[in-house]
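**Student:** Dropping a prediction and its sequence here:
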Protein chains: 2
Amino acid sequence: MTSVRRWLAVWALSCGAVAHADEGMWLLNQFPSSAVQAKYGFTPTQAWLDKVRLSSARLAGGCSASFVSAQGLVMTNHHCAHGCIEQLSTADKDYVKNGFWATRGEDEVRCPEMEVNQLTGIRDVTEELNAATRGLDGKAFNDALKAGMTRLEKACATAEDVRCDVVSLFQGGRYHLYTYRRFQDVRLVFAPEFAMAFFGGDPDNFMYPRYDLDLTFLRIYRGGKPVRMEHYFPWSPAGVREGELTFVSGHPGRTSRNLTVAELENLRDDGIPERLFRLSELRGMLAEFQKRGPEQARTSNSMLFGVENGLKALKGRREALVDAEFFATKVTAEKALRAKVAADPALQAQYGKAWDEVARAVAAGRNLRKPFGMLEGGQGFMSDYFNLARMLVRASAELPLPNEKRLREFTDAQLPQLKQQLFSTAPIHDEFEVALLTFSLTKLREVLGPDAQVVRQVLGTESPAAVAARRVAGASLKDVQARKALFEGGAAAVAASKDPFIQLALAVDPEARAVRRRYEDEVESVLKKNSELVSRARFAVQGTSSYPDATFTLRLSYGAVEGYAENGAHVAPLTTFAGAYKRHTGSDPFALPPRWLAAQQKLALDTPFNMATSNDIIGGNSGSPVINKDAQVVGLIFDGNIQSLGGDYGFDPAVNRAVAVHSAAVLEALDKVYGATRLLEELLGPAVPSRTR
Amino acid sequence: MTSVRRWLAVWALSCGAVAHADEGMWLLNQFPSSAVQAKYGFTPTQAWLDKVRLSSARLAGGCSASFVSAQGLVMTNHHCAHGCIEQLSTADKDYVKNGFWATRGEDEVRCPEMEVNQLTGIRDVTEELNAATRGLDGKAFNDALKAGMTRLEKACATAEDVRCDVVSLFQGGRYHLYTYRRFQDVRLVFAPEFAMAFFGGDPDNFMYPRYDLDLTFLRIYRGGKPVRMEHYFPWSPAGVREGELTFVSGHPGRTSRNLTVAELENLRDDGIPERLFRLSELRGMLAEFQKRGPEQARTSNSMLFGVENGLKALKGRREALVDAEFFATKVTAEKALRAKVAADPALQAQYGKAWDEVARAVAAGRNLRKPFGMLEGGQGFMSDYFNLARMLVRASAELPLPNEKRLREFTDAQLPQLKQQLFSTAPIHDEFEVALLTFSLTKLREVLGPDAQVVRQVLGTESPAAVAARRVAGASLKDVQARKALFEGGAAAVAASKDPFIQLALAVDPEARAVRRRYEDEVESVLKKNSELVSRARFAVQGTSSYPDATFTLRLSYGAVEGYAENGAHVAPLTTFAGAYKRHTGSDPFALPPRWLAAQQKLALDTPFNMATSNDIIGGNSGSPVINKDAQVVGLIFDGNIQSLGGDYGFDPAVNRAVAVHSAAVLEALDKVYGATRLLEELLGPAVPSRTR
């Protein structure tokens, strides 16, 4: 990853408070339209921005998407729907391997755990929450803030299909209340073969040039019928060419561009390496588990994908942070900001101590990382049964409490999502459960030590493998009705349950809650309070015209279809179908699916396949539409290049590139490979197949 | 590992050029006897030191040992002989699981790949080698140095049983020629059950208190008979108590206490994390491979042990390096040394540029790390077949060359070791070969990229798994005679071979040699030359009274049986058998073997089992004898505590502890658990069983 290091060096030279050309994950209610006008000669109006917002979609599980027809058709990535496609598959009908295409509307199948959100409103609630926390510190601050957020969300979420989230922006410098329409009946319409969606596999992941049809179409339903959408992105008949202006409207998950040096050091030295050790081990285990047989391979496929994808992304982030030159720019920038604060007595009195307080909270968090990750963060109990059991155990304890006193994930506004997870019909694979639980219980013992009380409680005199096998063999929670009975029966039913996972979740809950409480009181509360102060100090010194770090809320970035230089050579921004056939070896992950081999003669091989654009994106943007200035779909984001992996900490316009499926490739493939006429007509109108490319 | 961080902070406060009390891995020809006298009232004489040297032993594969009888009995750790014990086992006779005890001499079985060394002489050859390299730089320097070393070794190694190694001490500040007696007929005499040798397994590894009988007895033979030893360590009848003086005579493998800041930064940011990622993934793979069945578990057991042991040790080292306070002491010390050099024009002219040159070489090395590790370092081809094939391919090319022109591992002085490896009768397990080769070929593709020429050459259009399966299925090198034929047939036989691993090794050899050459010319040569200069600058400023970094050559450390403080509590230095029974749960790795459960009533449960001493040791010291001032065996080093893992970079006398089996535990176990009377008599004389404890 020399290239990551190179761009960081470049970036470091020009680093400052002002965003670069094309850098930025902008809020839709604070978009730099004049900057776009100055560079590209187009001014996004508020009406244009509103249309974009309402045509954009979010998958609540962690991806972006868009509405692409009046009949509720939703476009996202295959890798965003991979979990659903795997859940809907069986040993006999493997939609991951073979793809899925509902030739008729009635063949569209519901995803058990999918939720789609449409952002209908944004309200600034900073003043209300600041009023609630004024003068408070530590636990009192945190409790008041959470209660305030819960109150605002409850008042806003007037129906099951209204989702309301208070979003902390600028590290708490601003709080916005986001209102969404919530769609939980989401059905699978079309998915290509995994081998085509992820052609090149892990070796080509984050690489460019690429040849992936990382695409899935879903559809939102209500009352058994497709939802009529007033707003959606129409398909561009012309597609897009090199140099053209592109917007990406999506939900970048998390960036760390405004973290303090103490927080970045902690990520560099502890947080990221420890995650990488754990993911590496899990990857080795999963890859070997897949060799047990085809069914084991099928059922662990999406987890392996997620682990490998996460590993590669995190390694890129680590590379960025250990670049001494880059890190020094962060240190210098913080010193400069603190010096300006210190030079003004009023600012110093208000904000001067905030950085040290953040550092103190970071140190406290580091001491809690291991027990928190193991007991509360899920690392010690990797099991669907355990997750369900914990939800049931905690729901039975939390729901009787007043709304504002509950753990945040059990407040009234969160119940629709909780219920969807709890009553999901997604299959649970016992052999995989045993393997994952064995792995994670072994880590629990390793990390907390064999003499820790909670470890003795969980393992007794047994080995992790024996505990896992015994509990999975006795599990009753595969039955959705059993879960419903426990949910409705409340604390009494839970206490009386003989289910081994309910009993396990009950047994570890006191210690898990205790470590969570310590984390919230000693770390989270101090971080929130003081990150807010750092953020306000930054506003005071640098103004408020920048964009906040990503928070898995809607952002708009602008850029263009654009190549870049790598090792002295120019990387062209567009690939073609021909390139995919050239890269085909016949062996996974470089094996084109049979349908594609058969269609080769029919396809226009010079059709643009993938493209690189200079939009500023990051994980969570997967599934984002690429649109032109007419708000038409010209592409579908599915990746960033390897140089963009340090984008968590800074953006280099010279080489950071978003990677997308070109809109023309979607049409050509639907037509010539899949014969998906119904879908083509929906995207383009009935004029198909005389469409232009 | 908060404790590692704590001691580093302590250490940092008192860090300097002078060694601490009890710190030091001292050369036997430069031992600080007066310091021992001052603290412990005992002066090791030269005669005493010579006796210790000649009674000490090294396992050439990477461990320490000692001679403990006049009949060539060798004591080392179980984990040092684990490979041999596994190689001698079969599915029916599992000596790893059940232990091994040769009741008669003729039942002692030869280890296929074991070599024992006895250090018979040390000669300073610094001047001779300095003369050979005077005025040279880069490749010329390195070539001259290696040729000089090869010449010295060849002249010294007058027979197959004389082993001669030029050792670079003080990072090249001194060169010593070490002469050893070489013993290659090494037979297994006694090994306990793995469950007792490694009681507590990975969770308890590097932890204290401990309860492990990590012990194996071997015997050296010549001409079919045990070798009569003039020098050996007799067994202490009294054992050792808390506070008593202890010496450890052994072969610490590698420390990095004198590396430059650039080298330490590279280890911290690149070298160690990347090794940890790889080992973590391998661990996940191996743990899951073990679940394929008992035979797969048996044949992968020692590798899993090695990987887990390495992971835990490396994680401790990483913890030390990311401790900012500790690292700052390294930076400060280097700055101070450089300032003193800069202040003296003569020193500055000689040494002033050396640190920057080291940094340059480190940067060059970082760029070569991936291809070097994959192609030359064995990471891309984890396979016994491949290793054998590469040895044969290279031997056929190197042996016809003049001795001084050969790759160092093919010089005449190295041939006995090469032949032992090449003609080893150790079993090769094909299923494990396929799994490891699949794993490593996948990494080869991942790290070098699917488009690298060598990757395309190795994989063609196949997957790593298919390549591995095909080549292993066709392998012919399991047959030792086939290897002999290829070795004797030379280049012609190798070129004509149809063996798939010979062909693979031939195919990748040009690229592997090319990256090795680049590494040697651009990195190694610059590092050697300039590390030498840094070392000489240190001599010039600080004198030459310290000890060199560890180099897997004989060192003597002194200390005492001593507890330490941890989390505010005192950890006592001695454990007893009773503690082991208390820790027994019945589940691996806390399950005592059946023989031990049966013997519980017979054992004196207050017998000291393990002990902590303040000796300064590190990996490679495993198997070292702990001796008293009478040069009697009082223990057997097998581990360090978790606090000692940062010992690669510095030693803290307050909490760094060596961990050993107490000599009394060995006697009691041999007597009451194993009834190994023949062995007891050999250790103690025929007075057994009336021996004292």
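**Tutor:** Thanks, I have it.
**Student:** show me what contacts whichever residue of chain A sits closest to chain B?
**Tutor:** Here chain A gets closest to chain B at one residue, residue A:284, 2.8 Å apart by Cβ to the nearest Cβ. Where C-beta positions appear, they are placed from N, C-alpha and C, glycine not excepted. Residues in contact with residue A:284 (Cβ atoms under 8 Å, 6 or more residues apart in numbering or on different chains) are B:280-288, B:439.
**Student:** now, among the residues you listed, which is nearest to chain A?
**Tutor:** Distance to chain A across the contacts of residue A:284 (Cβ to the nearest Cβ) is lowest for residue B:284, with 2.8 Å.
**Student:** Residue A:290 versus the closest residue to that closest one other than its chain neighbours, what's the distance?
**Tutor:** Ranked by Cβ to Cβ, 6 or more residues apart in numbering or on different chains and with sequence neighbours excluded, the top spatial neighbour of residue B:284 is residue A:284, at 2.8 Å. For residue A:284, the distance to residue A:290 equals 11 Å [Cβ to Cβ, to the nearest Å].
**Student:** Could you say whether the residue nearest to residue B:284 sits in a helix, a strand or coil?
**Tutor:** What DSSP: H, G, I helix; E, B strand; the rest coil gives for residue A:284 is helix.
**Student:** And the pLDDT for it?
**Tutor:** Note for residue A:284: predicted pLDDT of 98.
**Student:** what's the answer for residue A:690, then?
**Tutor:** Note on residue A:690: pLDDT of 44.
**Student:** do the same with the one 3 residues further on
**Tutor:** Residue A:693 is assigned a pLDDT of 37 by the prediction.
**Student:** Can you get me a residue count around the nearest residue to residue A:94 once chain neighbours are set aside?
**Tutor:** Once flanking residues are discounted, residue A:94 sits nearest to residue A:298: 6.0 Å by Cβ to Cβ, 6+ apart. Residue A:298 is flanked by 18 other residues according to other Cβ atoms under 10 Å in any protein chain shown.
**Student:** Ok, residue A:365 next?
**Tutor:** Residue A:365 has 20 neighbours, counted by other Cβ under 10 Å.
**Student:** Surely it is in contact with residue A:519?
**Tutor:** Yes: assessed by Cβ atoms under 8 Å, residue A:365 is found in contact with residue A:519 at 7.0 Å.
**Student:** Name the residues of stretch A:483-498 that are buried.
**Tutor:** Residues A:483, A:486-487, A:494, A:497 are the ones in stretch A:483-498 that count as buried (16 or more other Cβ atoms under 10 Å in any protein chain shown).
**Student:** Same list (the residues you listed) but as a markdown table, adding pLDDT.
**Tutor:** Formatted as a markdown table, the buried residues of stretch A:483-498 follow (pLDDT from 0 to 100):
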| residue | pLDDT |
| --- | --- |
| A:483 | 98 |
| A:486 | 98 |
| A:487 | 98 |
| A:494 | 98 |
| A:497 | 98 |
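**Student:** so of those residues, which ones are in helices?
**Tutor:** Among the buried residues of stretch A:483-498, the residues falling in helices (DSSP state H) are A:483, A:486-487, A:494.
**Student:** Distance of the residue located most distally from the centre of chain A relative to residue A:135?
**Tutor:** Computed with Cα atoms, centre = their mean, the residue of chain A farthest from its C-alpha average is residue A:345, at 41.4 Å. Look at residue A:345 and residue A:135: by Cβ to Cβ, they are 21 Å apart.
**Student:** just residue A:254 next, same as before
**Tutor:** Look at residue A:254 and residue A:135: by Cβ to Cβ, they are 30 Å apart.
**Student:** Which one's more surrounded, these two?
**Tutor:** residue A:254 (12 against 7).
**Student:** Tell me the residues of the stretch 201-350 of chain A that contact chain B?
**Tutor:** A:202-204, A:207, A:265, A:269-270, A:273, A:276-278, A:280-289, A:291, A:315, A:318, A:322, A:324 (Cβ under 8 Å from any Cβ of the partner chain).
**Student:** let's see 10 Å
**Tutor:** A:201-204, A:207, A:265, A:268-270, A:272-274, A:276-292, A:307-308, A:311-312, A:315, A:318-319, A:321-324 (Cβ under 10 Å from any Cβ of the partner chain).
**Student:** What's the PyMOL line that selects buried ones from those?
**Tutor:** The PyMOL selection below is limited to those of those classed as buried (16+ other Cβ under 10 Å):
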select buried, chain A and resi 201+202+203+204+207+265+268+269+270+272+273+274+276+277+278+279+280+281+282+283+284+285+286+287+288+289+290+291+292+307+308+311+312+315+318+319+321+322+323
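**Student:** taking the residues of the stretch 201-350 of chain A next to chain B one by one, which sit in helices?
**Tutor:** Among those, the ones falling in helices (DSSP H) are A:201-204, A:265, A:272-274, A:276-289, A:307-308, A:311-312, A:315, A:318-319, A:321, A:324.
**Student:** ok so, going back, which residues are in contact with each of residue A:284 and residue A:290?
**Tutor:** Common contacts of residue A:284 and residue A:290 (Cβ atoms under 10 Å, 6 or more residues apart in numbering or on different chains): residue B:288.
**Student:** Show the average pLDDT along stretch A:131-144.
**Tutor:** Mean pLDDT, stretch A:131-144: 95.
**Student:** should've said stretch A:268-277
**Tutor:** Over the span of stretch A:268-277, the pLDDT mean works out to 97.
**Student:** again with stretch A:416-424
**Tutor:** Computed over stretch A:416-424, the mean pLDDT rounds to 97.
**Student:** ditto for stretch A:620-630
**Tutor:** pLDDT averaged over stretch A:620-630 gives 98.
**Student:** Then stretch A:592-611?
**Tutor:** 98.
**Student:** and the end-to-end length of it?
**Tutor:** Distance between the two ends of stretch A:592-611: 19 Å, counting by Cα to Cα, to the nearest Å.
**Student:** The residue nearest to residue A:254 when sequence neighbours are not counted and residue A:642, how far apart?
**Tutor:** Spatial nearest neighbour of residue A:254, excluding adjacent residues (Cβ to Cβ, 6+ apart): residue A:550 at 5.4 Å. As judged by Cβ to Cβ, residue A:550 and residue A:642 stand 19 Å apart.
**Student:** swap in residue A:223?
**Tutor:** According to Cβ to Cβ, residue A:223 stands 46 Å off from residue A:642.
**Student:** Settle it for me: which of those two has more neighbours?
**Tutor:** Each of residue A:223 and residue A:642 has its neighbours counted (other Cβ under 10 Å); residue A:642 has more, 24 against 6.
**Student:** Give me the common contacts of residue A:365 and residue A:519.
**Tutor:** By Cβ under 10 Å, 6+ apart, residue A:365 and residue A:519 have these common neighbours: residue A:372.
**Student:** beta partners for residue A:169?
**Tutor:** Counting by DSSP bridges, residue A:169 is bridged to residue A:174.
**Student:** now residue A:30, what's its secondary structure?
**Tutor:** Per three-state DSSP, the secondary structure class of residue A:30 is coil.
**Student:** Based on its surroundings, how many neighbours for it?
**Tutor:** If you count neighbours by other Cβ under 10 Å, residue A:30 ends up with 14.
**Student:** Cool, thanks, talk later.
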